[in-house]
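Undergrad: Give the three-dimensional model of this entry:
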Amino acid sequence: MNVLVVGSGGREHAICYNLIKNSKVNQIYCAPGNAGISKIAQCLNIKDSDIDNLCKFAKENKIDLTIVGPEVPLVNGIVDKFEKENLKIFGPNKKCAMLEGSKSFSKEFMIKNNIPTAKYKEYTDLNEAIDEIDSFGYPVVIKADGLAAGKGVVIAKDKEEGINALKEMMSDKKFGSAGEKIVVEEFLKGIETSILAFVDNNTIVPMESAKDHKKVYDNEEGPNTGGMGTFSPSNIYDEKLSQIVKKEVLDKTLKGFKSDKLDYKGILFIGLMITEDGPKVLEYNVRFGDPETQSVLLRLETDLIEIIEAILENRLDEIEIKYDKKNAVCVMLTSGGYPESYENGKVITGLENMDEDIVLFHSGTKIIDNKLVTNGGRVIGVSAKGNSLEEASKKVYENIEKIKFEGMHYRTDIGVGVNYDY
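TA: Here you go, the predicted model:
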């Protein structure tokens, strides 16, 4: 079969990495892909947001299955377009993708379906938001309603920071139209973790848990990023918590899909805060998380195509999904200055010196003049498995020391026996 993967990051590299294990897969295409992906798939000069040309390519090249990585094409209706052309595609449709495309839509869904989450209010008027911000207490969480590449969330520690964040989003348009409406939430104290789930119309099956690190610096300090690293399984996600999440979050979410007539098929990412009052949902994403995918799919033993086909045929409940019992760690190497301004085009060296059991998932790389260079804020996810979290992270950090590019930055505390109760 011929498979098209839409996207260009580490998540898409991890998806392609899993696809090459399937003997039924003849050819993998990736649009637009990156330098790492180009070693296992044919990369296309089509942007992941160019739905018309992606659809045209799929028709002309007899693509048997398209897998969508990023949120933007999903929110913009790529699934609806492909299905209209009778093309098989994996991901939620435009209506379902609103769960990620609009924070207010997502919060309304949670409240309506009695899914535990933070108290909130949405605003379109800057002055009203400023007048009421004290009522949430501090710190306070301020979110751009629309898509902001994982960066549209600010945790303001006091009124001054809160007002500055509101002005940046609503007046200065830091995140463009995504900040025309904002959501202000109470701050939840606890331990953050995330769950990825496979979903069809009748079933929701959580994958193995993962712990993501959003802050750019060690010890959860500095601004939010798209993700600085992950490990799987999460160190706090035990059987007791799993059962609570199933009852309070997963089952209620699936019931909500049915009652709201959301024809959800695909991946659902659920960001959770484990508070003293139990787990609460921070956000839904409608696709594989990045970089959670890199650590979770590294452990997946069941064939990914088999799972996807079961979902598309509404028989997910017939599939037994297995994972490697080992721990997996992924640490992101980022460009200097990320998540704010940074420069591309820095030459990357040392990748040929990696140990055999290291897996490199490229996020922002390209080839220029036969040299591998940086091409994004997050550059490469250095990943490994081990019999313990400490063993996996030790392997990763020993190999990171061999990699060099100007301005390279990474966190040094991913999975390194730190107390993660920030």
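Undergrad: ok, and the closest non-adjacent residue to the spatially most central residue of the chain?
TA: Taking CA atoms, centre = their mean, the centroid of the chain lies closest to residue 289, which sits 1.9 Å from it. Nearest non-adjacent residue to residue 289, counting by CB to CB, 6 or more residues apart in numbering: residue 269, 4.5 Å away. Heads up, the C-betas are built off the backbone N, CA and C, glycines and all.
Undergrad: Would you mind measuring from the one you found to residue 74?
TA: Going from residue 269 to residue 74 by CB to CB, to the nearest Å gives 12 Å.
Undergrad: The residue nearest to the centre of the chain reaches residue 227, doesn't it?
TA: Yes. Using CB atoms under 8 Å, residue 289 makes contact with residue 227 at a distance of 7.4 Å.
Undergrad: what is in contact with the two at once?
TA: residue 212 (CB atoms under 8 Å, 6 or more residues apart in numbering).
Undergrad: For the residue located most distally from the centre of the chain, which three-state class applies?
TA: In terms of distance from the mean C-alpha position of the chain, residue 131 ranks first, at 33.6 Å (CA atoms, centre = their mean). Judged by DSSP: H, G, I helix; E, B strand; the rest coil, the three-state class of residue 131 is helix.
Undergrad: And it, how far from residue 118?
TA: From residue 131 to residue 118 the distance is 20 Å (CB to CB).
Undergrad: Among residue 269 and residue 74, which residue is more densely surrounded?
TA: More crowded of residue 269 and residue 74, by other CB atoms under 10 Å: residue 74, with 28 against 24.
Undergrad: Where does that one sit: helix, strand or coil?
TA: helix.
Undergrad: tell me the contacts of it?
TA: Taking CB under 8 Å, 6+ apart as the test, what residue 74 contacts is 68, 91-92, 94, 97, 100, 286-287.
Undergrad: Skip the chain neighbours and tell me the closest residue to it.
TA: Spatial nearest neighbour of residue 74, chain neighbours left out: residue 97 (4.3 Å); criterion: CB to CB, 6+ apart.
Undergrad: my guess is the one you found contacts residue 284, does it?
TA: No. The pair residue 97 / residue 284 is not scored as a contact, 10.0 Å apart, by CB under 8 Å.
Undergrad: more crowded one of the two?
TA: residue 97 (31 against 22).
Undergrad: before we move on, the earlier item: name the residues contacting each of residue 269 and residue 74.
TA: Counting by CB under 8 Å, 6+ apart, the residues touching both residue 269 and residue 74 are 286-287.
Undergrad: check contacts around the residue nearest to residue 74.
TA: 71, 74-75, 77, 79, 91, 286.
Undergrad: if you set the cut-off to 7 Å instead, what comes out?
TA: 74-75, 286 (CB atoms under 7 Å, 6 or more residues apart in numbering).
Undergrad: can you check residue 177 too?
TA: Listed by CB under 7 Å, 6+ apart, the contact set of residue 177 reads residue 146.
Undergrad: per-residue confidence at it?
TA: Note on residue 177: pLDDT of 87.
Undergrad: Tell me the secondary structure of it, please.
TA: Per three-state DSSP, residue 177 ends up helix.
Undergrad: since we're on residue 24, how many residues are nearby?
TA: 11.
Undergrad: was I right about it contacting residue 1?
TA: Yes. Proximity of residue 24 to residue 1 meets the contact threshold set by CB atoms under 7 Å, at 5.4 Å.
Undergrad: picking that back up, the residue nearest to the centre of the chain in helix, strand or coil?
TA: Criterion first, three-state DSSP; result for residue 289: coil.
Undergrad: Residue 268 reaches residue 284, doesn't it?
TA: Yes. Residue 268 lies in contact with residue 284 (CB under 7 Å); the separation is 6.5 Å.
Undergrad: State the distance from the residue nearest to residue 74 to residue 227.
TA: Where residue 227 is concerned, residue 97 sits at a distance of 20 Å (CB to CB).
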